[in-house]
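Q: any chance you could fold what I've pasted below:
(one chain, ligands or ions: 2)
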Amino acid sequence: MRRRHKHLIFVICTLFSIGYISFRILSGNDQTEWTDEVENSPKKITEASEYYEDVNFIKEHRPRFETPGNDRQKRISSLLEKYSIDWRSPIQENIWHVAEKWVSARKLYPESSPLISSVLRYLSSAPIVKADFGYGGTQLKITLLLEGGQLAVFKPRWYPRDFLVTGEPYAGRDRHNAEVAAFHLNRLLNFSRVPIVVGRTIDLRNEIKSVATPRLINTFFTREGNLCFYGKCLYCKGPDDGVCAQGDKLEGVVILWLPKKLTLEKWKHPWRRSYKEGRRMRWETDDSYCRTFVKNTSPYDKPPRLLDIMDTCILDFLVGNADRHRYETFKNINNSMLIILDNGKSFGNPFEDELSILAPFTQCCLLRRSTYERLQMLTDGVLSEVLKTVMELEPLAPVLTQPHLLALDRRLKVVMDKAHWCMKQYGEMNILVDE
Ligand SMILES: Nc1ncnc2c1ncn2[C@@H]1O[C@H](COP(=O)(O)OP(=O)(O)OP(=O)(O)O)[C@@H](O)[C@H]1O
Ligand SMILES: [Mn+2]
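A: Numbering: from 1, shown residues only. Ligands and ions are numbered 1, 2, ... in the order given. Predicted coordinates for the structure are as follows:
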């Protein structure tokens, strides 16, 4: 009897030990579910199929910055190889023709070409043959005719780089450096939809006034020994609205004009703001606006326009541009891109993220797969690092202050979180579009 009793105790202890050891092994696996170990040995968890799906989902979609020992450095190198600018490339005087030929329905220039450096170099140095008023709009600018017959726009500097624009999300005057940063960011996103732009400090007296039309000369004046002008635009009424050089030197940006033979068509942006206090637009109060209205309305009911709106709002959210009230496409050209013109209202406040700019994306939950993959490549601070390096020798360098660079990385995380939320909610195949 006693022997049988002992035997029973032995069996119970053995079973208990086996149970305990199994439990430890399994819970050990549990703890590795977020680490690379699971990525390398997915077989370990194949039995729990539901759970496996979830882990796989997170593995594929979690932001890269949560992955230790990832390929960050490789991503930086490959992006720099494609997008670096040779700011010392020799001047090529016949480059305008090249830039003109680049323009097609879906791209303004190739993703990567040493000739982009050549265009930027010449745009920042070509002699100015003629200068006139801008061409309407609300902001002060000058139209330039450059040597070789190329048209361009000059937008002047109003603010120092660290100026903080507060108030309404679209407040303040244009930020000239924002045009430059938005252009390079658009390249990193592989959009090629922002016109080519470069920083340039001009001699207002010798390069502009000397070749200006009489009507532009009439708006020149001096203030405290500095040469100024106020030009003509909706907000350019007189000297109070003028911009002044430091002495004769005026910093600004030169934007390459699109080929004259291509006509632009203007569209009202479906997610535009009212710009009136107390007046709310439908998208601000109706979260089904995309599904019930925009998606059923031409030209958003078929590709590529709505996807272009998604791309644009992501770029705008990253740079903080809340002023995309209208947009332009090439008239009579099939599948024309949404041309991302006028980014002057970006980079006003690096300490706030204006979520309403993302409304098209959060309300439609739609995104090109190519854009999603590119955004993912730019996580882990890759975005700010590559952008900073690409613009390091820009004539306006430093183009962005550190807080603005950090804001880009922070906002990118917000975009990725929204994308993952959409995927979880509706399924990846309903969110990401192969186009
Ligand atoms: N690079 C360009 N090539 C061709 N057309 C251009 C270019 N830049 C601007 N335009 C034309 O001029 C218009 C006004 O330009 P832009 O939006 O930069 O000025 P703005 O004064 O900031 O306008 P708004 O006050 O409406 O914001 C554009 O809508 C476009 O039609
Ligand atoms: Mn503008």
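Q: you'd agree Ile76 is up against Glu385?
A: Yes. Ile76 is in contact with Glu385 according to C-beta atoms under 8 Å; the separation is 6.0 Å. The way it works is simple: take the backbone N, C-alpha and C, and place the C-beta from them, glycine included.
Q: excluding residues flanking it in the chain, which one is nearest Leu341?
A: Among residues not flanking Leu341 along the chain, Glu328 sits closest, at 5.7 Å (C-beta to C-beta, 6 or more residues apart in numbering).
Q: so that neighbour, which of the three states?
A: With DSSP: H, G, I helix; E, B strand; the rest coil as the basis, Glu328 sits in strand.
Q: could you give the bridge partners of it?
A: Lys266, Ile339 (DSSP bridges).
Q: same check, this time on Val254
A: Phe154, Val198.
Q: what sits against it?
A: Listed by C-beta atoms under 8 Å, 6 or more residues apart in numbering, the contact partners of Val254 are 123-124, 144, 152-154, 197-200.
Q: what about stretch 271-283, near ligand 2?
A: No. Using C-beta under 5 Å from the ion, stretch 271-283 never reaches ligand 2; the gap is at least 12.3 Å.
Q: also near ligand 1: which of the contacts of Val254, exactly?
A: Filtering the contacts of Val254 for proximity to ligand 1 by C-beta under 6 Å from any ligand atom leaves Val153.
Q: now the contacts of Val254 as CSV including distance to Asn332 and neighbour count?
A: As requested, the contacts of Val254 are exported to CSV (distance: C-beta to C-beta, whole Å; neighbours: other C-beta atoms under 10 Å):
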residue, distance to Asn332, neighbour count
Leu123, 28, 25
Ser124, 33, 20
Leu144, 28, 25
Ala152, 25, 23
Val153, 24, 22
Phe154, 29, 22
Val197, 26, 25
Val198, 30, 24
Gly199, 34, 22
Arg200, 33, 22
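Q: can you give me every residue that contacts Thr166?
A: Contacts for Thr166 (C-beta under 8 Å, 6+ apart) come out as Asn349.
Q: tell me the SS of it?
A: Following three-state DSSP, we place Thr166 in the coil state.
Q: measure it to ligand 2 for me?
A: Separation of Thr166 from ligand 2 (C-beta to the ion, to the nearest Å) stands at 19 Å.
Q: please report how far that residue lies from Leu405.
A: Look at Thr166 and Leu405: by C-beta to C-beta, to the nearest Å, they are 20 Å apart.
Q: re the thing from before, just checking, the residue nearest to Leu341 touches Thr263?
A: No. Assessed by C-beta under 8 Å, Glu328 is found out of contact with Thr263, at 9.8 Å.
Q: mind checking which of those two has more residues around it?
A: A count of neighbours by other C-beta atoms under 10 Å puts Glu328 above the other of Glu328 and Thr263, at 18 against 11.
Q: returning to that earlier point: adding distance to ligand 2 and pLDDT, write the contacts of Val254 out as JSON lines.
A: Output for the contacts of Val254, formatted as JSON lines (distance: C-beta to the ion, whole Å; pLDDT from 0 to 100):
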{"residue": "Leu123", "distance to ligand 2": "20", "pLDDT": "98"}
{"residue": "Ser124", "distance to ligand 2": "22", "pLDDT": "98"}
{"residue": "Leu144", "distance to ligand 2": "18", "pLDDT": "98"}
{"residue": "Ala152", "distance to ligand 2": "16", "pLDDT": "98"}
{"residue": "Val153", "distance to ligand 2": "11", "pLDDT": "98"}
{"residue": "Phe154", "distance to ligand 2": "14", "pLDDT": "98"}
{"residue": "Val197", "distance to ligand 2": "14", "pLDDT": "99"}
{"residue": "Val198", "distance to ligand 2": "19", "pLDDT": "98"}
{"residue": "Gly199", "distance to ligand 2": "18", "pLDDT": "98"}
{"residue": "Arg200", "distance to ligand 2": "19", "pLDDT": "98"}
